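Peer 1: Got a predicted structure here, sequence first:
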Amino acid sequence: MIDTGYLFSRDDKRIFVNTCLGCTGKCSYCYLSKMGYDNESIVSKIKTSEELIGEIENYGISTDTLITLGCFSECWDDNNKPETIKLIKYFLQRGNQIQLSTKKEVTIQEARQFEDLTTYLGQLVIFVSSATISQWNKIEKGTDSLNKRFNTFELSNQLGIPTVLYMKPVLNGITIKDIDLYKEVIKKYGIKDVVVGSIFSEEHSEETVHFSDKGLLYYNPNSDESQIKKQLMQLGNVKVFSRSSQVTQYYKEKNKDIER
Ligand code: SF4
């Protein structure tokens, strides 16, 4: 067990890694303040990749440990992006699978540096997060515009890096209103994988979040979530998941099948 804020892990199956604590995204539903993180002074809270790698190796992981970048930060903020890039390079070379979730654009040029280090399809999976299209500039106002952010889906078409539409958290009565717009985005970029997931809330439910043991946040699925899933599944050519880890597992299994 490790829980330093920058690192969280219960076992060697998965470790959450943050290159800083806090985010400039200003999303109205952000859970960071509930977890006690301050979004105003993140620059002073950046940790170097060398420090983090030292702590992770000291904690002890295997090549099967999933590296999850970002849960208490936006790992692709300008301030901490260079450290995130170094971590990705290190763990790709180490043989680990990596997932990165972001509301920023990851450009083709940036992602090219990972191309030669990736040994199988899905060793690096990028989740492009969006909870609303029509109200983006009110609800996710400090994040990249959707035009920029959704350019990240081109990484799948141009570099073969799996990208996933991450509709999380589903905001009651808000996300579902944009379902047709999301379908257009899926069609436009040829998106094959979508995660539709719940908002984290302080209301008690049976399941706590997987990046904290403090019992401050819980999964509380709402009915919009199942409606959205049903509609997206009807598209036929899209796989709809509830959790990001199901997507990484899917690619890992697929790779094992190819190896066999
Ligand atoms: S991008 Fe994520 S971490 Fe940043 S403010 Fe929005 S919800 Fe919070």
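Peer 2: That came through, no problem. Residues are numbered from 1 along each chain as shown.
Peer 1: and the next element down the chain from the helix or strand where residue 57 lies?
Peer 2: Assigned by DSSP states H and E, residue 57 belongs to helix 49-59. Toward the C-terminus, helix 49-59 is succeeded by strand 66-69 as the next helix or strand (DSSP H and E).
Peer 1: quick one: strands adjacent to that following strand?
Peer 2: strand 14-17 (parallel), strand 98-102 (parallel) (DSSP bridges).
Peer 1: Need the mean per-residue confidence for the helix or strand hosting residue 82.
Peer 2: Secondary structure from DSSP H and E places residue 82 in helix 81-94. Helix 81-94 shows a mean pLDDT of 97.
Peer 1: for that helix, packing partners?
Peer 2: Counting contacts by 3 or more CB pairs under 8 Å, 6 or more residues apart in numbering; DSSP states H and E, helix 81-94 packs against helix 49-59, strand 66-69, strand 98-102, helix 108-115. Every C-beta, even on glycine, is put in place using the N, C-alpha and C of the backbone.
Peer 1: CSV for those, including mean neighbour count and mean pLDDT?
Peer 2: Listed next are the helices and strands packed on helix 81-94 as CSV, based on neighbours: other CB atoms under 10 Å; pLDDT from 0 to 100:
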stretch, mean neighbour count, mean pLDDT
helix 49-59, 15, 96
strand 66-69, 24, 96
strand 98-102, 22, 96
helix 108-115, 15, 96
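Peer 1: ok, now which ones touch the closest residue to residue 252 other than its chain neighbours?
Peer 2: Of all residues not flanking residue 252 in the chain, residue 97 sits nearest, at 6.0 Å (CB to CB, 6 or more residues apart in numbering). Contacts for residue 97 (CB atoms under 8 Å, 6 or more residues apart in numbering) come out as 66-67, 122-125, 248, 251-252.
Peer 1: For those residues, which single residue is the most surrounded?
Peer 2: Among those, the one with the most neighbours (other CB atoms under 10 Å) is residue 124, at 27 neighbours.
Peer 1: can you list the residues of this protein near the ligand?
Peer 2: Residues of the chain found near the ligand (CB under 6 Å from any ligand atom) are 23, 25-27, 30, 32, 74, 103, 143.
Peer 1: which residues of the stretch 151-260 of the chain fall in helices?
Peer 2: Assigned by DSSP state H, counting those that start in this stretch, the helices in the stretch 151-260 of the chain fall at 154-159, 179-189, 223-233, 244-259.
Peer 1: Could you name the stretch from the ones you listed that's closest to residue 37?
Peer 2: Between residue 37 and the helices of the stretch 151-260 of the chain, the shortest separation by CB to CB is 20.4 Å, and it involves helix 244-259.
Peer 1: what's the angle from the closest one to strand 98-102?
Peer 2: 140 degrees (axes from the mean of the first three to the mean of the last three CA atoms, to 10 degrees).
Peer 1: Let the chain start at 168 from now.
Peer 2: Sure, I'll start counting at 168 from here, so that last one is helix 411-426.
Peer 1: Give the other helices and strands that helix 411-426 contacts.
Peer 2: strand 233-236, strand 265-269, strand 291-296, strand 330-334, strand 360-363, strand 406-408.
Peer 1: Rebuild the ones you listed as TSV, extending it with distance to residue 172.
Peer 2: TSV is the format used below for the helices and strands packed on helix 411-426 (distance: least, CB to CB, whole Å):
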stretch	distance to residue 172
strand 233-236	14
strand 265-269	17
strand 291-296	21
strand 330-334	23
strand 360-363	25
strand 406-408	28
